[in-house]
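**Student:** dropping the sequence and predicted coords here.
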Amino acid sequence: MSEGMEAPANGLEWFGREVAEALRHKGATQRQLASFVGYKEPYVSKVKNGRQLPSPLFAERCDAYFNTSGWFTRLLVRVGEQGHPEWFIPYVRLEEKATQVQDFSPSLVMGPLQTPEYAEALFRAAHPRARDAQILEKVGARLARRAVLDRPDPPLLWVVMDEACLWREVGGREVMHQQLEHLVKDSEDPNVTLQVLPFDSGAPPAADAFTLLVFDQDESSPVVYTEAMGLGRVVDSPSVVACGAAWFERLCADALSPEKTRNLLWARAKEYAG
């Protein structure tokens, strides 16, 4: 395939363009590809048109169908890294290997759970001088992190978000309406647990965002990821990890139950729609 070609700014477009080119070269149809890879044709269409992030399994089966010796699998990795700052890529690679992801979000929705519009609004606020192509590249990279939740063996994702995430109007009322509806749907996934930490729960055990990553015992020891002033760091110190785990347990205890969280998300989504 075209490994030497210049990549589009949007990683989803890049992957989709390669699928379309491979279909043309093979003389195959979108329907034939869908039948082989085991995905519905609308899914394949979205991937081909740069509107759907493919799963690792989809990329692997594309390699088998087109006999491309791992090109689509490698491309998906590159798409996942494209648009990320260099210091963030080590975390992305760890996130892909984790069996459990536990995240505390005090003010903004966690990256892999963001809608494209929500992510775009955040990047435009943070990078007011960036060109549209640069913004789309960043949005594509953030959406690519969603792939870990769509793989056949997704990690168990447990997110505690402060109630402020529901009230901070990122991108306008329609964007927030879509974002909260998106969270409701995510909360129905058996591998995803969402809890809102209400304003009336008092002082939280932690004020800053952090993420705990847990791996298979043979893979790696747990780590904590924190970020400040546009720079992040991964810490594997047992004492720091234990502290983060204790904080997260207390946050879960203080937060609303998953069911009450889902009801609150629905209520706020309706308010934004009204």
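**Tutor:** On my side now, so go ahead. Residues are numbered from 1 along each chain as shown.

**Student:** what is the least confident helix or strand in this protein?
**Tutor:** helix 89-97 (a mean of 78; mean pLDDT, DSSP states H and E).

**Student:** quick one: secondary structure of residue 128?
**Tutor:** coil (DSSP: H, G, I helix; E, B strand; the rest coil).

**Student:** now do the same for residue 233: helix, strand or coil?
**Tutor:** strand.

**Student:** ok, back up a step: quick one: the least confident helix or strand of the chain to chain centroid distance?
**Tutor:** Relative to the chain's own centre, helix 89-97 is displaced by 12 Å; criterion: Cα atoms, centre = their mean, to the nearest Å.

**Student:** after it comes which helix or strand?
**Tutor:** strand 100-105 (DSSP states H and E).

**Student:** which parts of that next one are buried?
**Tutor:** 101, 102, 103, 104, 105 (16 or more other Cβ atoms under 10 Å). No exception for glycine: its C-beta is placed from N, CA and C like everyone else's.

**Student:** try stretch 241-253
**Tutor:** 241, 243, 244, 247, 248, 251, 252.

**Student:** what's the answer for stretch 39-47, then?
**Tutor:** Result for stretch 39-47 [16+ other Cβ under 10 Å]: buried residues 39, 43, 44, 46, 47.

**Student:** quick check: the gap between residue 237 and residue 244.
**Tutor:** To residue 244, residue 237 is 10 Å away according to Cβ to Cβ, to the nearest Å.

**Student:** if we can go back for a sec, closest to residue 145 among the buried residues of strand 100-105?
**Tutor:** residue 101 (10.4 Å; Cβ to Cβ).

**Student:** which residue ranges form the helices in the stretch 101-250 of the chain?
**Tutor:** 116-126, 132-144, 147-150, 164-167, 173-187, 238-254 (DSSP state H, counting those that start in this stretch).

**Student:** give me the number of residues near residue 228?
**Tutor:** Residues lying near residue 228 (other Cβ atoms under 10 Å) number 9.

**Student:** bridging residues for residue 192?
**Tutor:** With DSSP bridges as the criterion, the beta-bridge partners of residue 192 are residue 157.

**Student:** per-residue confidence for residue 46?
**Tutor:** Per-residue pLDDT puts residue 46 at 86.

**Student:** that one should be in a helix, yeah?
**Tutor:** Yes: under three-state DSSP, residue 46 sits within a helix.

**Student:** look up how far residue 54 lies from it.
**Tutor:** Distance from residue 46 to residue 54, by Cβ to Cβ: 9 Å.

**Student:** kindly report the same for residue 233.
**Tutor:** Distance from residue 233 to residue 54, by Cβ to Cβ: 30 Å.

**Student:** who has more neighbours out of those two?
**Tutor:** Neighbour count, other Cβ under 10 Å: between residue 233 and residue 54, residue 54 has more, with 28 against 13.

**Student:** now do the same contact list for that one.
**Tutor:** Taking Cβ atoms under 8 Å, 6 or more residues apart in numbering, we find residue 54 in contact with 15, 47, 62, 72, 76, 147.
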